[in-house]
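Student: what's the 3D shape of this:
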Amino acid sequence: MLSLPRLFTPPSARILRRHTLSLTIGGGFVLCWSSGFVGSRLAVDIDSPVIGLYAWRFALATLVAWALVVWRRARPGHRPSRRQVVHEMLVGGLTVGVYLLTMLLAIAEGVSASVAALIGALQPLAAALLATQLLKERCCAAQWAGMGLATLGAGAMVMGDMQGVGGAPAWAYALPLVAVLAVSLGSVLPPPGRREHPQLAPEPLALETRLALQLSAATGLFLITALVLEPGWPAPPPATIDAWLAVTWLVVLATFGGYGFFVASLTRFGVTP
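Tutor: The predicted structure follows:
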């Protein structure tokens, strides 16, 4: 007796696969996003200018990302249009470059790392505000209440830090707010052509292509900043175990782990899941 080929995956299997992928992306983002703060702590202990070290970090990550693009070039989503290139580099410049750069500058001016991280945690609030205006997404009352409570807590911590011994000028506390605004704006920028003419929108880009373009923009921003603020051309990380441990941590866990899951989360869940 001939059996018909299975043309459709059972609904239960599709649902299980979808939920498993969602849990993997969400859990990976939670686990890896905070690794950037650990990597930053390791980088500070290295006898090397921090901005230049971050320029090398993103240069190495960009090379790895483009190598992945070349390896998978035969698959769909690896031929970006000019508008897609501009869009992805603008997103990367905001969500990676401006965000991390302003955070590093704030800490260099005396803002404590804990307060900078708390201000950075306000990003969901800013993103939700922008998403409701630009993307017409909705937030439930519980989300607004939670984000409002987080705002009050961060404000209290800022006031306490300003009265402490950190020595940071008042304007330095605006830098983490600029970081929050930058990453939020980059999160809600719609892909080219998606809203105006959805039927004519270009093929969505693969994750590795998006990362390669976004990390290229971040590399350029940190390189230019290092040339302006630090003496000479950014030197490679010192040839020590601690230095390359920090760089490896930042590239693998913070960049491809934390930021990679961040991009995947925006693609799958949107700005206000």
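
Student: every contact and neighbour count from this point should use C-alpha atoms.
Tutor: Will do.

Student: just the helices from the stretch 1-150 of the chain, written as ranges.
Tutor: For the stretch 1-150 of the chain, applying DSSP state H, counting those that start in this stretch gives helices covering 11-33, 35-44, 50-71, 82-92, 99-108, 113-120, 123-134, 141-162.

Student: what's the following helix or strand after the last one?
Tutor: So that's helix 141-162. Where DSSP states H and E defines the elements, the next helix or strand beyond helix 141-162 is helix 174-188.

Student: quick one: list the elements packing against that next one.
Tutor: Applying 3 or more Cα pairs under 8 Å, 6 or more residues apart in numbering; DSSP states H and E, one finds that helix 174-188 contacts helix 82-92, helix 99-108, helix 113-120, helix 123-134.

Student: can you lay out the ones you listed as TSV showing mean pLDDT and distance to S184?
Tutor: Compiled in TSV, those are given as follows (pLDDT from 0 to 100; distance: least, Cα to Cα, whole Å):
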stretch	mean pLDDT	distance to S184
helix 82-92	93	10
helix 99-108	87	9
helix 113-120	76	10
helix 123-134	65	5
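
Student: those helices into CSV, with extra columns for distance to G52?
Tutor: Formatted as CSV, those follow (distance: least, Cα to Cα, whole Å):
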stretch, distance to G52
helix 82-92, 18
helix 99-108, 11
helix 113-120, 19
helix 123-134, 26
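
Student: R57: which of those helices is closest?
Tutor: Nearest to R57 among those is helix 99-108 (12.3 Å), distances taken as Cα to Cα.

Student: for that closest one, C-alpha coordinates in PDB please.
Tutor: Provided in PDB are the C-alpha atoms of helix 99-108 (Å, rounded to 0.1, in the frame of the first residue of the first chain):
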ATOM      1  CA  TYR A  99      24.800  53.400  23.000                       C
ATOM      2  CA  LEU A 100      28.100  51.900  24.100                       C
ATOM      3  CA  LEU A 101      30.100  55.000  23.400                       C
ATOM      4  CA  THR A 102      28.000  57.400  25.500                       C
ATOM      5  CA  MET A 103      27.900  54.800  28.300                       C
ATOM      6  CA  LEU A 104      31.700  54.500  28.300                       C
ATOM      7  CA  LEU A 105      32.100  58.300  28.300                       C
ATOM      8  CA  ALA A 106      29.600  58.700  31.200                       C
ATOM      9  CA  ILE A 107      31.500  56.200  33.300                       C
ATOM     10  CA  ALA A 108      34.800  58.000  32.400                       C
END
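
Student: buried set for that helix?
Tutor: Y99, L100, L101, T102, M103, L104, L105, A106, I107 (16 or more other Cα atoms under 10 Å).
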